[in-house]
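Chemist: Build me a model from this:
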Amino acid sequence: MSNSISEDVSSLPGQERHPKTWRGALWAGMMMCFHLIASLGAYFFILVLAAIWIMESQDSSLTSEQRSKLMFDGDLVAPSFVLGAIITMAGLLLVLRFQREKAGEVLAWSRCSGVMLAMAICSTLGLMGAWLALDQVMDRPMNEFMAQMMLSTNYRIPLYATFIIAAPLIEEVVFRGYMYHQLMRTPLPRVAVVLVISVLFTLIHFQYHVYELVQVFTLGVLLSVMRDRSGSLAPSLVVHVLWNAISCGGLEYWFQQQSP
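Modeler: Here you go, the predicted structure:
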């Protein structure tokens, strides 16, 4: 077909021709569920360890105030996310070994042109600028979840490192690496794959309110289009890191404003 959205997957850089079946959707769904279970399981594991340590140190059970504070303690985010990412990556590598797939090909670890990378960065800055302008017009407050993380942590650097490095890396590998690769082997057209990946990417940020979820969805679409057009994970990974880094800069500025 002349329409680029309907081009066969074999035309993409680094993609081989495969029969179109729904098996890829099953594998993508399983990886999505595994990622969620690993992330939540790691968080509650770290939460239980922290609760045990507090009870041992004070030689008594937790008060209701301590339990409430512990559930949203920013100091638990970094170690729990990193642990969840390690578990997810280990599971993904085992799946690739079972499927006899080459990790570099499936996860699209390939070069992209400097022009594509520059276009991706400019597009991202434009999208972020539009959202920031809308925030100012609507006088939006700081993201409630992120504000709570910032105010409850004693170690902001590990928290920032998690948001800027760990989160983009594991999310890009899972969503626009493995899941994208599997969904491109299904009968879904490419535009549908982009939208499905973007919706699923939005759903894992369930801790946000509707307004922030819309922002996440637009970012997800942009990242997925970059992955689709370039045939490489590099542009979406660089842009995801850039987006989170700028967001963390805004968080730090907001935090400094709150400090006496």
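Chemist: and the spatially most central residue of the chain, what element?
Modeler: Central residue of the chain (CA atoms, centre = their mean): residue 171, 3.5 Å from the mean position. Element membership of residue 171 [criterion: DSSP states H and E] is helix 167-171.
Chemist: Let's test this: mean pLDDT of that helix, rounded?
Modeler: Helix 167-171 comes out with an average pLDDT of 95.
Chemist: From the chain's centroid, how far away is that helix?
Modeler: Centre-to-centre, helix 167-171 and its host chain are 5 Å apart (CA atoms, centre = their mean, to the nearest Å).
Chemist: which stretches of this structure have low pLDDT?
Modeler: 1-19, 259-260 (pLDDT under 70).
Chemist: can you count the residues close to the residue nearest to residue 141 when sequence neighbours are not counted?
Modeler: Closest residue to residue 141 in three dimensions, ignoring its sequence neighbours and counting by CB to CB, 6 or more residues apart in numbering: residue 147, at 8.0 Å. All C-beta atoms are positioned from the backbone trio N, CA, C, and that covers glycine. Residues contacting residue 147 under the criterion other CB atoms under 10 Å number 16.
Chemist: Ok, the one 4 residues further on next?
Modeler: The number of residues packed around residue 151, counting by other CB under 10 Å, is 11.
Chemist: State the distance from it to residue 29.
Modeler: For residue 151, the distance to residue 29 equals 36 Å [CB to CB, to the nearest Å].
Chemist: go on, residue 200?
Modeler: For residue 200, the distance to residue 29 equals 9 Å [CB to CB].
Chemist: More neighbours: which of those two?
Modeler: Remark: of residue 200 and residue 29, residue 200 carries more neighbours, 18 against 14, as counted by other CB under 10 Å.
Chemist: which residues touch that one?
Modeler: 32, 175, 179 (CB atoms under 8 Å, 6 or more residues apart in numbering).
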